[in-house]
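A.B. asks: below are the sequence and a predicted model; questions follow.
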2 protein chains.
Amino acid sequence: MVSAMSTPEEKQKKLLDLLEDDDIRELIGELKLSHPADIAEFLQLLLPHEKKLVFSVLDTKTAADVIVELDDNTRDLILKDIQTKRLSEIVDDLESDDAADIIEELPEEQAQEVLDRINDEDAEEIQKLMSYDEESAGGIMQAELVSVRQDETVASAIEEIREMSGEVEDIHSVYVTDRAERLVGVLPLRRMILASPTATVATVMEKDPISVTVDLDQEEVARIVKKYDLVVVPVVDAAGRLVGRITIDDVVDVLEEEATEDIIKLAGATDDEYAWSSSVLRSAGTRLPWLFASWIGGLVVSLIIGYYHDTLAEVVVLAAFMPVIAGMGGNVSAQSSTLVVRGIAIGSIDVKRLGVVLFRELRVGIILGVTYGILLALVTHFLYLNIVKLWLVVGLGIFASMTIASAMGTLVPIIFHKIGVDPAVASGPFISTTTDIISNFMYFTLATLIILR
Amino acid sequence: MVSAMSTPEEKQKKLLDLLEDDDIRELIGELKLSHPADIAEFLQLLLPHEKKLVFSVLDTKTAADVIVELDDNTRDLILKDIQTKRLSEIVDDLESDDAADIIEELPEEQAQEVLDRINDEDAEEIQKLMSYDEESAGGIMQAELVSVRQDETVASAIEEIREMSGEVEDIHSVYVTDRAERLVGVLPLRRMILASPTATVATVMEKDPISVTVDLDQEEVARIVKKYDLVVVPVVDAAGRLVGRITIDDVVDVLEEEATEDIIKLAGATDDEYAWSSSVLRSAGTRLPWLFASWIGGLVVSLIIGYYHDTLAEVVVLAAFMPVIAGMGGNVSAQSSTLVVRGIAIGSIDVKRLGVVLFRELRVGIILGVTYGILLALVTHFLYLNIVKLWLVVGLGIFASMTIASAMGTLVPIIFHKIGVDPAVASGPFISTTTDIISNFMYFTLATLIILR
């Protein structure tokens, strides 16, 4: 579907066969015909020594295009043993933002050596990019762009593109600045093509272009690019001077990163452990603290149940319904909190209208609670004939658990968001543990009140 | 930050003040200066009658730009009462893919009336787009594009852009076809600007461009655009004929939609209910079946516990540790399954190397299980002195629960993926319920074996 000749799967298969047959010459020829993104995908399938071998036969330009597409695992492996000379040539061929990302991963000494080997101007640019916060506009922007003064002509803007076309990829627009290097306009290529070559840039450009400041959080940058359907956004410093640009492919990565973070935090894991390459011990280590909170919660529940020991000893069958009551509460709170966390993240929930959202989820919780309360009471009645008090306790217990759970699942993420804590990170384990405690407490209180008195 | 003059928040505030002062003339003036995306955001804040009022004062061009940015809720509200004449003018101004989306939401009679009012060629294009599956490349592509024959000159390609520039927004490239309308190349504007006007298109174009077929799933389209860092991708039919193009902004929407779907399915809710505008009863209705599966699981657990009634009656305190043991298992399985589901979605897990992933998660589970098994055994020992058998049961119980949970959380999503079931939709509730059943079964079996015999 990508090409009429062969699917990516067939290409991978062919490359793999050549590698296994040790037909390196033929492999090199086939790699030359492949897209860097396909080569990167192929590399990721290989064993460590195969990865190094295949990467080593790539020419510098291809190696540079491939290395930016690799997953962290494969990239780290290749960077670990690479010769500084070869690495310097590759870095020299990278866009400044990708170069900065690679150099940041190197040991300090090797990083300095690479910077010394590439040309001074590039090295300076890269070092400047490395000084910005990784999660800010400065951290994801590239320094390469095409800009002209507003009093130049369209013809000289075209000349500028010609000069820069070797260095800057994906040129969508030319940026227009005043004498103080401040961004005053943007000239999309589409406009340029239709304009007279002798026209002054200032008369053809779009004025007051949307831009972001260099210290803006990357999530906010992504929101702006998405909102205004941009393909590239210029970056300015505090004085309004043009310092870089952010292209849509980097924004897509940010959006995906943020969604992944939300998903994983909701499950009470951290995205640190997301690298499947990290050691098992480290993975277990990052999960331990999250689980500790739930463990403490579980002990609190066991104390509550211990407190109601006499009730339980009298009616042992009460224990049989504990899991379904706490479990249903847990499910409802997970549903509510997930909807709210994602709603906050993509902006479909107005956090200022807390009351409306809460009231809505509470009503949903009540409907669900009544339904399952009646269902469980009925089942209990037919399983344990004639014990009216038991099915009353069980039915009311599940109703209370589900209703409170829906309120908790809605309130907690909104409150966390308001006090500046990431709702995703805090909501998952916190809510499930709290719901567990409240559900069991309500259930045994109801049991003691209704059955024992 | 978007503009040096005022932040979006200040603009919103100003618009709101004008609306509340009933200063409609001034409001219209201010709206004319606003970006359509900002107007859409402003509309979403308003009460229903205010939304209709503000939308009604927008000129046709702005109304068209705004309507595509609105959330479903606000858009449905505005479409419900809009006059067919006004709506036809707005639709006439939309890109074909957006027009098709709007018309699909209208009652059949009104849809036909709108199609009758706009020009025949556009209506035909829109109806053709409406015939494609909503989640396929055809469902998200637009018919507007600029194309030339390969034997034309660069100058005539520029002329073609000039003619189409009123109709096609965001032109990034000109597509090149042969006599049979088959796609043979792409000519990025950047190349065009640098080429001689008298050159033949075929000599300047990029050959064998990446394209997608019209029936390809939108998720797959998004994957290709992301993989190859494209800004726009051409769409061809089965015979290779150029039929449309998909721009990156629509791909970003697809990626966000898919991430949201995954997140919500993991929590056992459906994304149908994601519209906060849908009725409470409907929301409760979409959640009921998911919860039913857990409820049945809960009943199975209650039967297991009922089966071990005698064990429990003898050692009532066993009930106190049920929640912490099942809960920790549930947490571990949620962590593992989330990491695996997301890993499959973004391609960081190689599903072919099932054994490697499973073994890794299992080791993590064992480390966590041993840690919490010892911890819980210690706590139990100090809470209930001298009952060696009890802390042995509790410690082994939590170890078994966490180890099995990590295996389940890894295996189930991978197996679901292999048999063609969406791992996200199936994993959440299925895994938590199964873990609950197995944990309790193991716990009471251990208790019966160790304490009673």
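C.D. replies: It's in.
A.B. asks: if I look at the residue nearest the centre of chain A, how far off is chain B?
C.D. replies: The centre of chain A sits closest to residue A:257, judged by C-alpha atoms, centre = their mean, with a distance of 1.7 Å. Per C-beta to the nearest C-beta, to the nearest Å, residue A:257 is found 10 Å from chain B. No exception for glycine: its C-beta is placed from N, CA and C like everyone else's.
A.B. asks: return the per-residue confidence for that residue.
C.D. replies: Note for residue A:257: predicted pLDDT of 80.
A.B. asks: likewise residue A:180?
C.D. replies: Reported pLDDT at residue A:180 in the predicted model: 93.
A.B. asks: is it part of a helix or strand, or is it coil?
C.D. replies: Under the three-state scheme (DSSP: H, G, I helix; E, B strand; the rest coil), residue A:180 adopts coil.
A.B. asks: can you give me the distance of the residue nearest to residue A:176 when sequence neighbours are not counted to residue A:210?
C.D. replies: Leaving aside its chain neighbours, residue A:176 sits nearest to residue A:185 (3.9 Å; criterion: C-beta to C-beta, 6 or more residues apart in numbering or on different chains). The gap separating residue A:185 from residue A:210 is 12 Å, by C-beta to C-beta, to the nearest Å.
A.B. asks: same thing with residue A:392?
C.D. replies: 62 Å.
A.B. asks: what does residue A:300 give?
C.D. replies: 51 Å.
A.B. asks: tell me the contacts of residue A:336?
C.D. replies: A:361, A:364-365, A:405-406, A:408-410 (C-beta atoms under 8 Å, 6 or more residues apart in numbering or on different chains).
A.B. asks: which residues touch stretch A:92-101?
C.D. replies: So stretch A:92-101 is contacted by A:60-61, A:63-64, A:67-68, A:91, A:102, A:117-119, A:122, A:125-126, A:129-130, A:140-144, A:169, A:250 (C-beta under 8 Å, 6+ apart).
A.B. asks: so of the residues you listed, which ones are in helices?
C.D. replies: Applying DSSP state H to those, the entries found in helices are A:60-61, A:63-64, A:67, A:91, A:102, A:117, A:122, A:125-126, A:129-130, A:140, A:250.
A.B. asks: and the helices in the stretch 1-150 of chain A?
C.D. replies: A:8-20, A:24-32, A:36-45, A:48-56, A:60-67, A:72-81, A:84-93, A:96-105, A:108-117, A:120-130, A:137-140 (DSSP state H, counting those that start in this stretch).
A.B. asks: for the shortest one, list the C-alpha coordinates in CSV.
C.D. replies: Taking only C-alpha atoms (Å, rounded to 0.1, in the frame of the first residue of the first chain), the coordinates of helix A:137-140 have been written out as CSV:
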residue,chain,number,x,y,z
ALA,A,137,9.4,25.0,23.2
GLY,A,138,13.2,25.6,23.3
GLY,A,139,13.8,21.9,24.0
ILE,A,140,11.9,20.6,21.0
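A.B. asks: by contact count, what packs against it?
C.D. replies: Judged by 3 or more C-beta pairs under 8 Å, 6 or more residues apart in numbering or on different chains; DSSP states H and E, the packing partners of helix A:137-140 are helix A:218-227, strand A:242-247, helix A:248-266.
A.B. asks: now check the next helix or strand after the first one, is it near chain B?
C.D. replies: Same thing as helix A:218-227. The first helix or strand that comes after helix A:218-227 along the chain, using DSSP states H and E, is strand A:232-236. No - figure legend: strand A:232-236 not in contact with chain B (C-beta under 8 Å from any C-beta of the partner chain); closest approach 8.8 Å.
A.B. asks: and the average pLDDT for strand A:232-236 is what?
C.D. replies: 96.
A.B. asks: got the angle for that strand vs helix A:248-266?
C.D. replies: Strand A:232-236 runs at 90 degrees relative to helix A:248-266, counting by axes from the mean of the first three to the mean of the last three C-alpha atoms, to 10 degrees.
A.B. asks: which residues sit against strand A:232-236?
C.D. replies: By C-beta under 8 Å, 6+ apart, strand A:232-236 touches A:137-138, A:141, A:145, A:170, A:172-173, A:175, A:182-183, A:186, A:209-214, A:221, A:224-225, A:242-248.
A.B. asks: could you check the angle strand A:242-247 makes with it?
C.D. replies: 150 degrees.
A.B. asks: what strands flank strand A:232-236, and is each parallel or antiparallel?
C.D. replies: Here strand A:232-236 is paired, per DSSP bridges, with strand A:212-213 (parallel), strand A:242-247 (antiparallel).
A.B. asks: and these as TSV, adding mean neighbour count and distance to residue A:150?
C.D. replies: Formatted as TSV, the strands paired with strand A:232-236 follow (neighbours: other C-beta atoms under 10 Å in any protein chain shown; distance: least, C-beta to C-beta, whole Å):
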stretch	mean neighbour count	distance to residue A:150
strand A:212-213	22	21
strand A:242-247	24	12
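A.B. asks: Throw these into TSV and include distance to residue A:40 and mean pLDDT, thanks.
C.D. replies: TSV is the format used below for those (distance: least, C-beta to C-beta, whole Å; pLDDT from 0 to 100):
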stretch	distance to residue A:40	mean pLDDT
strand A:212-213	29	96
strand A:242-247	18	95
